[in-house]
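**Q** mind looking at a prediction? Sequence and model below.
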Amino acid sequence: MKGLLRKETGIFVLLVVLCVAVATMNPRFLGGENLQNMARLIGMYGIFSIGLGVVIITGGIDLSVGSMFALLGVLLAMMLTEKHMSPTAAVLATLGMGTALGALHGFLITKVRLQPFIVTLCGLLFYRGIARFIANDETKGFGSAKGFEGLRDLATGTYLGLPMPFIILLLLSVVMGVVLHRSVYGRHLFAAGRNEDAARYSGINTPRTIGSAYVLSGLLAGVAAILIAFYTNSVSPSSHGNFYELYGIAAAVLGGCSLRGGEGTVVGILLGTVLLQVLQNLVNLLGIPSSLNFAVMGAVILLGVLADQLLSRRAASR
Amino acid sequence: MKVLGGLVRPDEGEMQFEGQPVQIDSVRRSVELGIAFIHQELNPLDNLDIAGNVFLGREPSRWGLVDRAKMRDQAAGVLDQLGLKLSPDTPLSQLSLAQRQMVEIAKAISLQAKVLIMDEPTSSLTLSETERLIQVVRELRDRGVGIVYISHRLGEVRQLADRVVALRDGQNAGELARDEIDHERMVRLMVGRDLERMTLPVDRSEKPERLRVQGLRTERYPDREVSFSVAKGEIFCLAGLVGAGRSEVVQTIFGTDPAVGGTVSLDGIPLKLGSPKVAIDAGVGLVPEDRRGTGLLVDWTIRDNITLPTLGHYAKGGLVQGRRESEAAAEQSKSIGVKAPSTAVKAANLSGGNQQKVVLGKWLLAQPKVLILDEPTRGVDVGAKAEIYEIMRRLTDQGVSILMVSSDMEEVLGVSDRVGVMHEGTLTGILSRDECTEEGIMRLAVGAVNP
């Protein structure tokens, strides 16, 4: 446990240094509007990053969430604006579909024994294609959200000055933190991710445990899909949610999840998400050409992981 | 020994090689000096063939490409020296443990090693394989190779050694010359006290039946049936050669291997096969053969390992109650004598014997009716071995039935109440302890059916 905490200290220090640096170079960083907007993005990204983190803890990977956002976003817009379904029904249907897709991944991975990378890579391609087909490759929007303003407010509104997605993330983090780090189920997840055989020999139903991680990831992706769709207010099926799975994976890994499985914390994943958003923000605020966006992110992630490696090696040799 | 092999650097002290003081700071340096190290846990690459493993890291090459023909020929030569009738093209994944051990030795020979270090080379071998290995080791010695042979198996030490150095707690505990080497003296040096012979008294009393296995068929031998029963408080041992299907039988009972056919019942109640969870709930525990792979999560703490199968007992509403869990783990760890400063120590940092006690402890917390032990003392030192036997006796006194798989003949003869001998998937005979002799068991193990 101490090792994990140290891992989080590392990224926390990096985050603070980065924030101080950006704030001194451009005081607008600490402006109310900027912070609020960043918190909103952190909320949306954090929700599905936790789902990805859970999958990574079981030693798997989920590449499909970005395409799921496009598919679920398109369907949500169509349900609300074309079929005029009630907001509650549309939300439940979206969450249900996210969960069902996660369950399908889990089934293919644990029962058919396909590799997670391949299963979710196929999902990435398949859902994107279906989204474009259903939408006829046209952008689907929510317009003025007439009849479901309350739903849109979940993504764009604030409560006590905090953006709603951020509040939703905080609530989900507390729940997921308890589930992962305090519950019997959480311990089983870590055991199955660290050594599936040893977990099975200890009486843990490893297929069900690992499969459930994909269900959770699907459900959280469903939540994020709704928020992201309303945040952008229009869903263009060919680009909506592109690369988002990689942001989630990056956040989880930066936050101390090992791709080998069995390691990671909710706090770490949150810190990773925040770090990524601060980086995005930094590119904008410091006047770095936005074409360098990805390059900056790639470089900082690499540095972060390198520093972590050096630190843990130093600690191990002591 | 890891220091000599270049894996770990010494804290202090000096080494001399052929009269010269040397510093061994890497595996490469150690190889250059002519030291070859055969690890206790074998680490060959089973995706390569024999030749590839023998020449791993120093493949003969031409224009940057591996010279397969040359490698093959040289490997064949070494295999021949060892009297191994194997093609160098055989993939390692097709070899038995013993054959893999031989491949490691072949590698050492091809390195022209002057000193060969063997760490528990026979811990996973059967009797006949051990004989073969001992013969090879003798030949090497006669050729002038210095051999450091690390073993807990005193029988083979007595057969082989020219000189014995006993280590205890990281210090030299004493030395014996060739003619002083005997069982008693070695044990005394190792444990620092006289040990009563490592046996448990036989229990001949009539006891009610606990576990009944009827016509069990495993995936490994789908057309062979195995039937036997174990009484309450009895130690029943499955003996036989490696590959006889003993581990498969116990894993099928426990549910980690699928059953092809047959039934198992516990106190007369049929046990649904195929799920370890169901078996555990019914009161069965399994200490598996592969301690580090399936018995433990080695980089987890003692506490987390001990409570893993029974975590639900220390939870309320699905949430683990840390205090209760820690207390239970600490108590169990103490009662089975795990030597560690606290239960927050990682299992990886424990000796083999203490790791095995942790695995035992995790099942004892589940209060099993039947405890299955697969090679319970493999890679375990003499002191811990005795402690494990004591725990077994304590359990049977409480009425727990023990089903044990063992390849260690001393153990089979010393602790079992009854012995079932297996050969290629069938039970060729069941002997009571009084009827047991090494020869009798071997005869059944190679397939002769009990008259």
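**A** Perfect, I can see it now.
**Q** hey, where'd the strands end up in the stretch 151-300 of chain B?
**A** Assigned by DSSP state E, counting those that start in this stretch, the strands in the stretch 151-300 of chain B fall at B:163-168, B:171-177, B:209-218, B:226-231, B:235-240, B:259-266, B:269-270, B:284-287.
**Q** got a markdown table for those, with mean neighbour count, mean pLDDT and distance to chain A too?
**A** All C-beta atoms are positioned from the backbone trio N, CA, C, and that covers glycine. Formatted as a markdown table, those follow (neighbours: other Cβ atoms under 10 Å in any protein chain shown; pLDDT from 0 to 100; distance: least, Cβ to the nearest Cβ, whole Å):
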| stretch | mean neighbour count | mean pLDDT | distance to chain A |
| --- | --- | --- | --- |
| strand B:163-168 | 15 | 78 | 26 |
| strand B:171-177 | 12 | 77 | 25 |
| strand B:209-218 | 20 | 93 | 17 |
| strand B:226-231 | 19 | 93 | 20 |
| strand B:235-240 | 26 | 92 | 18 |
| strand B:259-266 | 17 | 93 | 16 |
| strand B:269-270 | 10 | 93 | 18 |
| strand B:284-287 | 26 | 95 | 7 |
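**Q** of those, which is nearest residue B:39?
**A** Nearest to residue B:39 among the strands of the stretch 151-300 of chain B is strand B:163-168; the distance by Cβ to Cβ comes to 17.6 Å.
**Q** so which bits of stretch B:66-86 are buried?
**A** Across stretch B:66-86, burial judged by 16 or more other Cβ atoms under 10 Å in any protein chain shown covers B:68, B:71, B:72, B:74, B:75, B:76, B:78, B:79, B:81, B:82, B:84, B:86.
**Q** residues in contact with the last one?
**A** Each residue near residue B:86 by Cβ atoms under 8 Å, 6 or more residues apart in numbering or on different chains is listed here: B:50, B:79, B:95, B:99.
**Q** and of the buried residues of stretch B:66-86, the nearest to chain A?
**A** Set against chain A, the nearest of these by Cβ to the nearest Cβ is residue B:86 (29.0 Å).
**Q** quick one: name the residues of the stretch 351-451 of chain B near chain A.
**A** Counting by Cβ under 8 Å from any Cβ of the partner chain, the stretch 351-451 of chain B comes close to chain A at residue B:362.
**Q** from residue A:202, how far off is whichever residue of the stretch 351-451 of chain B sits closest to chain A?
**A** Proximity to chain A, evaluated over the stretch 351-451 of chain B using Cβ to the nearest Cβ, is greatest for residue B:362 at 7.2 Å. According to Cβ to Cβ, to the nearest Å, residue B:362 and residue A:202 sit 7 Å apart.
**Q** same question, residue B:60
**A** Residue B:60 is 46 Å from residue A:202, by Cβ to Cβ.
**Q** which one's more surrounded, these two?
**A** For residue B:60 versus residue A:202, neighbours defined as other Cβ atoms under 10 Å in any protein chain shown are more numerous around residue A:202 (31 against 14).
**Q** ok, now how distant is the closest residue in space to residue A:8 that isn't next to it in sequence from residue A:220?
**A** Take residue A:8 and drop its neighbours on the chain: the residue closest to it by Cβ to Cβ, 6 or more residues apart in numbering or on different chains is residue A:268, 5.0 Å away. Distance, residue A:268 to residue A:220, using Cβ to Cβ: 16 Å.
**Q** residue B:269 now?
**A** Computed as Cβ to Cβ, the residue B:269 to residue A:220 distance reads 42 Å.
**Q** now do residue B:71
**A** According to Cβ to Cβ, residue B:71 and residue A:220 sit 52 Å apart.
**Q** so where do the strands sit in chain A?
**A** A:140-141, A:158-159, A:162-163, A:234-235 (DSSP state E).
**Q** can you redo those strands as JSON lines with mean pLDDT, mean neighbour count and distance to residue A:89?
**A** Compiled in JSON lines, those are given as follows (pLDDT from 0 to 100; neighbours: other Cβ atoms under 10 Å in any protein chain shown; distance: least, Cβ to Cβ, whole Å):
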{"stretch": "strand A:140-141", "mean pLDDT": "89", "mean neighbour count": "19", "distance to residue A:89": "18"}
{"stretch": "strand A:158-159", "mean pLDDT": "88", "mean neighbour count": "12", "distance to residue A:89": "24"}
{"stretch": "strand A:162-163", "mean pLDDT": "94", "mean neighbour count": "20", "distance to residue A:89": "25"}
{"stretch": "strand A:234-235", "mean pLDDT": "90", "mean neighbour count": "22", "distance to residue A:89": "19"}
